[in-house]
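S.K.: sequence and predicted structure are below.
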Amino acid sequence: MNTLVVTALAACWACVSMAAPTVVTADRLFDAGQGRVTGPAVVVVEDGVIVAVNPDRLPDSAERIDLGDMTLLPGLLDMHTHVTADYFTGDNWVTTPVIETAPDWAIRGVVFADKTLQAGFTTIRDLGALPGFPDVALMRAINRGEVPGPDVWPSGHYISITGGHCDVTGFAPGVMELGPKQGVSDGVDEVIKAVRYQAKHGVRVIKVCATAGVYSFSKSAPIGAQQYSEAELAAIVEEATKLGLKVAAHAHGTAGINAAVRAGVASIEHGSILSDESIRLMKERGTYLVPNLYINELPLPEDAPAEIRAKSDYLIPLVKQSLEKAYRAGVNMALGSDSGVYRHGDNGREFTALVDNGIKPVDALRMATVNAVDLLGVDDRGVIAEGKRADVIAVPGNPLDDIRVMEDVRFVMKQGVVYKR
């Protein structure tokens, strides 16, 4: 057995396939479908699948895991991560793209994926990585069972205009110049080529940067400036749809949000400046909002330029206003932490940030379970029910009484394998 596999196995508790039935018990269970906590809870798992919940009889030779005064929840889903990235917490966050390679980021992703899984997140979308598909390589390693981590829906390279928010900017001409194969593309023909190239190399979702953003070095583009035309956005969505892929759109400003929604994207990431028209369009089309609240509480890097600080300060109150407007109107919402912009493994702090900004605890939990499953387009997870994947976590106490317990996940099972106990 090679060293990498030994290390991966050592990282989890009893990381073996549960061939015999396993019975997990706890005082409470969060029913994500009904949005309530019930109890006591008995969950029977076999071959990675939940085969019974609160049955009349238990299998005879089952292994028992008694968790006592805890609440069972379905494995959580984070719809906005950068699991191979350490964008703004490292020492060289500006120059990292030109001094490291895709293998560096893939190896780092092994560590970050385990931290994410230990935090209770058994499924994630990864929305953008360094060129070279480190996120796809990580997904494959996890799927092969070589390293522990959540199920990963990687997006590969961001689709961005030249010099846009998701292009690598700030360097001298000739340094890190990218093209359609790396997602940097202009015009309908190039964006179609960019989408096709991502699909060729194994992505499971497309990420497009529809507007400007905070952490880019353009001094002239307003924070929410639209960066792709409606024709380009429509071409991206149409081509992705042909290839069986959904599109997530980074979008801060109103015009770019509305253009992306009209083009048919599945989700708006951030959605910082929503208008009444934005709300109407999103409700009409069922578009999801994936807000990121916890990052607003964190300090910027000490060496962040003044223009980045100004953009961040401008957006923070608008993010809160847009969240309140969307929530009140009943816009579909799913949880996304934007981890990688801050420390991996702290994904659960997004729950507290959402609740602190007006989201009911039950709705915050549904954002990371049934809502996220709907956005992802699968039906085999997100609830603890017979026939679903055995993705089960446990937290102390009752998260409907104190959402902060979601930052203290004590038990993690993914597909019947226990990774934390």
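M.R.: Received it, and whenever you're ready, just let me know what you need. Numbers count the residues shown, from 1 in each chain.
S.K.: okay, now residue 157: neighbour count?
M.R.: 27 (other Cβ atoms under 10 Å). Placement of C-beta: from N, CA and C, glycine included.
S.K.: for it, what are its contacts?
M.R.: 128, 129, 131, 133, 181, 182, 183, 194, 198 (Cβ atoms under 8 Å, 6 or more residues apart in numbering).
S.K.: out of the residues you listed, grab the one that's most surrounded.
M.R.: Using other Cβ under 10 Å as the neighbour test, the contacts of residue 157 are led by residue 198, with 30 neighbours.
S.K.: quick check: that one vs residue 159, distance?
M.R.: 8 Å (Cβ to Cβ, to the nearest Å).
S.K.: ok, residue 308 next?
M.R.: From residue 308 across to residue 159, the span is 22 Å (Cβ to Cβ).
S.K.: neighbour count: these two, which is higher?
M.R.: Ranked by neighbour count (other Cβ under 10 Å), residue 308 and residue 159 place residue 159 first, with 32 against 19.
S.K.: just list whatever residues bridge to that one.
M.R.: Assessed by DSSP bridges, residue 159 has beta-bridge partners residue 208.
S.K.: distance from the longest helix anywhere in the chain to the middle of the chain?
M.R.: Taking DSSP state H as the criterion, the chain has its longest helix at helix 306-329. Computed by Cα atoms, centre = their mean, to the nearest Å, the separation of helix 306-329 from the middle of its chain amounts to 20 Å.
S.K.: over to stretch 246-266?
M.R.: Centroid separation for stretch 246-266 versus its chain: 17 Å, with Cα atoms, centre = their mean.
S.K.: stretch 135-152 now?
M.R.: The chain centroid and the centroid of stretch 135-152 are separated by 15 Å under Cα atoms, centre = their mean.
S.K.: overlap in contacts, residue 198 and residue 159.
M.R.: 183, 206.
S.K.: mind giving me the packing neighbours of the longest helix of the chain?
M.R.: Contacts defined by 3 or more Cβ pairs under 8 Å, 6 or more residues apart in numbering; DSSP states H and E place helix 306-329 against helix 276-285.
S.K.: average pLDDT across the helix it packs on?
M.R.: For helix 276-285, mean pLDDT is 98.
S.K.: buried sites along that helix?
M.R.: By 16 or more other Cβ atoms under 10 Å, the buried positions in helix 276-285 come out as 278, 279, 281, 282.
S.K.: then stretch 352-368?
M.R.: For stretch 352-368, a neighbour-count test (16+ other Cβ under 10 Å) marks 352-355, 357, 359, 361-362, 364-368 as buried.
S.K.: need the three-state assignment for the nearest residue to residue 264 once chain neighbours are set aside.
M.R.: Take residue 264 and drop its neighbours on the chain: the residue closest to it by Cβ to Cβ, 6 or more residues apart in numbering is residue 237, 4.3 Å away. What DSSP: H, G, I helix; E, B strand; the rest coil gives for residue 237 is helix.
S.K.: what's the answer for residue 153, then?
M.R.: strand.
S.K.: bridged to it, which residues?
M.R.: Going by DSSP bridges, residue 153 forms beta bridges with residue 125.
S.K.: for residue 344, what are its contacts?
M.R.: Applying Cβ under 8 Å, 6+ apart, one finds that residue 344 lies in contact with 83, 86, 111, 112, 115, 116.
S.K.: now do the helices in this protein.
M.R.: With DSSP H, the ranges of helices along the chain come out as 3-10, 96-99, 102-118, 134-143, 187-200, 230-242, 254-263, 276-285, 306-329, 349-356, 361-367, 370-376.
S.K.: in the stretch 51-200 of the chain, where is pLDDT below threshold?
M.R.: Within the stretch 51-200 of the chain, the ranges that satisfy pLDDT under 70 run 87-93.
S.K.: can you check the stretch 201-350 of the chain too?
M.R.: Along the stretch 201-350 of the chain, the parts satisfying pLDDT under 70 run over 215-221, 301-305.
S.K.: can we see that at 80?
M.R.: Within the stretch 201-350 of the chain, the stretches with pLDDT under 80 are 213-224, 298-313.
S.K.: residue at max distance from the center of the protein?
M.R.: The C-alpha centroid of the chain is most remote from residue 60, which lies 39.0 Å away (Cα atoms, centre = their mean).
S.K.: ok, now which ones touch residue 27?
M.R.: Residue 27 is in contact with 39, 40, 41, 67, 68, 69, 70, 71, counting by Cβ under 8 Å, 6+ apart.
S.K.: nearest residue to the last one in space, please, no chain neighbours.
M.R.: Closest residue in space to residue 71, ignoring its immediate chain neighbours: residue 28 at 4.1 Å, by Cβ to Cβ, 6+ apart.
S.K.: how about the third one?
M.R.: By the measure of Cβ to Cβ, 6+ apart, the closest residue to residue 41 outside its immediate chain neighbours is residue 29, 3.5 Å from it.
S.K.: partner residues bridging that neighbour?
M.R.: Beta-bridge partners, per DSSP bridges, of residue 29: residue 38, residue 72.
S.K.: looking at it, it is touching residue 71, isn't it?
M.R.: Yes: contact criterion Cβ atoms under 8 Å: residue 29 and residue 71 qualify, at 6.7 Å.
S.K.: between those two, what contacts are shared?
M.R.: By Cβ under 8 Å, 6+ apart, residue 29 and residue 71 have these common neighbours: 37, 39.
S.K.: ok, the contacts of residue 344 vs residue 176, which is closest?
M.R.: The shortest gap between residue 176 and any of the contacts of residue 344 belongs to residue 86, at 17.7 Å (Cβ to Cβ).
S.K.: picking up where we left off before, with respect to residue 148, which of the contacts of residue 157 is nearest?
M.R.: residue 129 (19.2 Å).
S.K.: for that closest one, give me its contacts.
M.R.: 82, 84, 85, 102, 105, 135, 154, 155, 156, 157.
S.K.: using a markdown table, lay out the residues you listed together with distance to residue 164.
M.R.: Listed next are these as a markdown table, based on distance: Cβ to Cβ, whole Å:
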| residue | distance to residue 164 |
| --- | --- |
| 82 | 17 |
| 84 | 21 |
| 85 | 18 |
| 102 | 21 |
| 105 | 21 |
| 135 | 20 |
| 154 | 21 |
| 155 | 16 |
| 156 | 17 |
| 157 | 13 |
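S.K.: counting neighbours, which of those comes out on top?
M.R.: The most crowded member of these, judged by other Cβ under 10 Å, is residue 135 (34 neighbours).
S.K.: what sits against the closest residue to that one other than its chain neighbours?
M.R.: Nearest residue to residue 135, sequence neighbours excluded (Cβ to Cβ, 6+ apart): residue 154, at 3.6 Å. Residues in contact with residue 154 (Cβ under 8 Å, 6+ apart) are 126, 129, 133, 135, 136, 138, 139, 202, 203, 204, 205.
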